[in-house]
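**Q** with the input below, show me the fold.
(chains A, B, C and D)
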Protein chains: 2
Amino acid sequence: MARSSDKRERLLDAARTLFHTQGFAQTTLADISAASGVPLGNVYYYFKTKDELVEAVAADHEAQFQQFVEELEAAEPSPKGRLLRYLATIHEQRDSLKSHGCPVGTLCLELAKAGAATAEKADAVLRLKFDWLEAQFRAMGRDDASFLTERLLASLQGSALLANALNDCDIICRNLHWSRQWVEAL
Amino acid sequence: MARSSDKRERLLDAARTLFHTQGFAQTTLADISAASGVPLGNVYYYFKTKDELVEAVAADHEAQFQQFVEELEAAEPSPKGRLLRYLATIHEQRDSLKSHGCPVGTLCLELAKAGAATAEKADAVLRLKFDWLEAQFRAMGRDDASFLTERLLASLQGSALLANALNDCDIICRNLHWSRQWVEAL
DNA sequence: GTCTATATAATGATAGAC
DNA sequence: GTCTATCATTATATAGAC
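**A** Sure thing, here's the model as predicted:
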């Protein structure tokens, strides 16, 4: 019938996963086709170009984070408690972060190097996270909220990179443990 | 004559620069050929494959760091002074770090995602830096030298990534300023 | 050692039947 | 909306003259 199937979502899921695990450049449309079960030629019905696909993936990361924030803010009124819960969710992703880095951070780096116009879409996701974290620090009464956010995000992104290169997940764990105490002491 | 010209070094320089600015996957051998002035077919006389080229680039990063360390250790006997000078050299590279990230860190990420065997060579460079930094902290009498190194390196790598994505070089500067005070207070 | 021409393979994208 | 077949391009790599 005329109603669109779930093919678009399956393509998006496959692309998001493969861009994370293999990188954008290394992932071919044939890979995405195979992983999603959507024939290669049909991919272009949903996404006219590979760039359009990665923009949709970035938008998906953004939507997922916004949904995460909504649920978190509904469940936890205290900004400090929200930050601690945020760190807890990152801890849950530690294995994936160690194996492939941050899905958003590594995508930003790769698209920036490619000189792609799509880099802005990925950067916007990171900025969204930045702004939300900053808002929490500000709600805690810190007027150095921006700087605190820089330190926290840099520490998270950097420890994911180090854990990946040095093949040691504990680097993420130790950093998160330290960050948690740091937030609690603020 | 039979003696090898400087072509190999010109190829290596071009590759190191292009892998940093464009990424490994986005850089074609034609790019390297054009940037170095060495005809495409001749590239293969010096490097049989693209993988061999990136291994040589990683080895070059390693050699450069080792030379930097030698000079630094000769000029500065104090481990704390060495760390502060190390931070100063990073500050000099701030524009490049903001535009393209850390040449070693981003290469590690990209090769890891590509699943390339060459990733180990890049990882070894980062590990070398890790070990040297750790040795300085240890020489300062810190038995938590490894953890301090993790925090410092993660902070440096992460702030380069953030500066790149958020297009703000000051993120690196503020982080370095903070790291300098942190080292001084140890 | 050097370089031109080209083989080979892979990939993004399209045409067009159904 | 779906899918097969294929085009056009690009990239790694090689062959072989000089």
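**Q** can you list the weak-confidence ranges in chain A?
**A** Counting by pLDDT under 70, the ranges of chain A that qualify are A:1-4.
**Q** mind jotting down where the helices sit in chain A?
**A** A:7-22, A:29-36, A:40-46, A:50-75, A:79-92, A:94-100, A:103-114, A:119-139, A:145-166, A:170-185 (DSSP state H).
**Q** could you tell me which residues of chain A lie near DNA strand C?
**A** A:27-30, A:40-41, A:44, A:48-51 (C-beta under 7 Å from any atom of the strand). For glycine as for every other residue, the C-beta is placed from the backbone atoms N, C-alpha and C.
**Q** nearest to residue B:104, of the helices of chain A?
**A** helix A:145-166 (8.5 Å; C-beta to C-beta).
**Q** report all helices and strands that the closest one contacts.
**A** Secondary-structure packing of helix A:145-166 (3 or more C-beta pairs under 8 Å, 6 or more residues apart in numbering or on different chains; DSSP states H and E): helix A:94-100, helix A:103-114, helix A:119-139, helix A:170-185, helix B:103-114, helix B:119-139, helix B:145-166, helix B:170-185.
**Q** turn the helices of chain A into TSV, including mean neighbour count.
**A** Shown next, in TSV, are the helices of chain A (neighbours: other C-beta atoms under 10 Å in any protein chain shown):
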stretch	mean neighbour count
helix A:7-22	19
helix A:29-36	17
helix A:40-46	14
helix A:50-75	16
helix A:79-92	16
helix A:94-100	18
helix A:103-114	25
helix A:119-139	19
helix A:145-166	24
helix A:170-185	17
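**Q** could I get the ones you listed as CSV with distance to residue B:136?
**A** Formatted as CSV, those follow (distance: least, C-beta to C-beta, whole Å):
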stretch, distance to residue B:136
helix A:7-22, 35
helix A:29-36, 44
helix A:40-46, 52
helix A:50-75, 38
helix A:79-92, 29
helix A:94-100, 26
helix A:103-114, 28
helix A:119-139, 31
helix A:145-166, 17
helix A:170-185, 19
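**Q** how near is the residue nearest the centre of chain A to residue A:37?
**A** Nearest to the mean C-alpha position of chain A, by C-alpha atoms, centre = their mean, lies residue A:104 at 3.6 Å. To residue A:37, residue A:104 is 26 Å away according to C-beta to C-beta, to the nearest Å.
**Q** do the same with residue A:169
**A** 32 Å.
**Q** neighbour count winner among these two?
**A** residue A:169 (15 against 10; other C-beta atoms under 10 Å in any protein chain shown).
**Q** ok, now which ones touch that one?
**A** A:94-95, A:98, A:163 (C-beta atoms under 8 Å, 6 or more residues apart in numbering or on different chains).
**Q** could you rerun that using 10 Å?
**A** A:94-95, A:97-99, A:163 (C-beta atoms under 10 Å, 6 or more residues apart in numbering or on different chains).
**Q** how about those residues in JSON lines, adding distance to residue A:10?
**A** Formatted as JSON lines, those follow (distance: C-beta to C-beta, whole Å):
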{"residue": "A:94", "distance to residue A:10": "27"}
{"residue": "A:95", "distance to residue A:10": "24"}
{"residue": "A:97", "distance to residue A:10": "25"}
{"residue": "A:98", "distance to residue A:10": "27"}
{"residue": "A:99", "distance to residue A:10": "23"}
{"residue": "A:163", "distance to residue A:10": "30"}
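**Q** residue in chain A nearest to DNA strand D?
**A** Residue nearest to DNA strand D within chain A: residue A:41 (1.9 Å; C-beta to the nearest atom of the strand).
**Q** now do the contacts for that residue.
**A** By C-beta under 10 Å, 6+ apart, the contact set of residue A:41 is A:29, A:33.
**Q** pretty sure residue A:9 contacts residue A:36?
**A** Yes: Residue A:9 lies in contact with residue A:36 (C-beta atoms under 10 Å); the separation is 9.1 Å.
**Q** quick one: common contacting residues for those two?
**A** With C-beta under 10 Å, 6+ apart, residue A:9 and residue A:36 have common neighbours residue A:46.
**Q** and the nearest residue to residue A:33 once chain neighbours are set aside, what does it touch?
**A** The shortest distance from residue A:33 to any non-neighbouring residue, by C-beta to C-beta, 6 or more residues apart in numbering or on different chains, is to residue A:40 (4.4 Å). The contact partners of residue A:40, by C-beta under 10 Å, 6+ apart, come to A:28-30, A:32-34.
**Q** please repeat the previous calculation with a cut-off of 8 Å.
**A** By C-beta under 8 Å, 6+ apart, the contact set of residue A:40 is A:29-30, A:33.
**Q** any idea how far it is from residue A:28?
**A** If you measure residue A:40 against residue A:28 using C-beta to C-beta, the figure is 9 Å.
**Q** cool, and residue A:138?
**A** Remark: distance between residue A:138 and residue A:28 (C-beta to C-beta) = 44 Å.
**Q** now residue A:73
**A** Using C-beta to C-beta, we find residue A:73 at a distance of 39 Å from residue A:28.
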